[in-house]
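Undergrad: Here you go, sequence then predicted model.
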Amino acid sequence: MSNWKETIARKFSNHSARREEIHNSLYAILQDLSCEESIEKVELNVESEYPLVWEISINGRKETIGESDVETAQKGYNFNSQLQFSENKKDIMEALQDLLVQKFK
């Protein structure tokens, strides 16, 4: 196992990139939401690095979203014309918006 260092370094690099992707997307979504008249305050905090979990607060109500939630929300399964499943990965923004709607309904 000569590339063990590369394997470990790649895992941390991938983790960091995924954290940045989700965090920046959540931040943009919440900034957009904060422009709505009924939204007085939004907050975004990283609750945990391993596993990745964010705490989102909207008007004082707090919910959490984990990277595993995002991964699940991004997976979309559809039947194709031959009645077989095909996996279509949702855009991160769409997946996060869907999660926020589920969490804050």
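TA: In hand now; what should we look at? Numbering: from 1, shown residues only.
Undergrad: From residue 63, how far out is the residue nearest the centre of the chain?
TA: What sits nearest the mean C-alpha location of the chain, by Cα atoms, centre = their mean, is residue 70, with 3.9 Å. Using Cβ to Cβ, to the nearest Å, one obtains 13 Å as the distance from residue 70 to residue 63. Every residue, glycine included, has its C-beta placed from N, CA and C.
Undergrad: chain center to the strand or helix carrying the residue nearest to the centre of the chain, what's the gap?
TA: Assigning secondary structure by DSSP states H and E places residue 70 in helix 67-74. The gap between where helix 67-74 is centred and where its chain is centred comes out at 6 Å by Cα atoms, centre = their mean, to the nearest Å.
Undergrad: Need the contact partners of that helix.
TA: Residues outside helix 67-74 that contact it (Cβ atoms under 8 Å, 6 or more residues apart in numbering): 18-19, 22, 51-53, 89-92, 95-96, 98-99.
Undergrad: Mark which of these are buried, thanks.
TA: Taking 16 or more other Cβ atoms under 10 Å as the criterion, what is buried in the contacts of helix 67-74 is 22, 52, 53, 92, 95, 96, 99.
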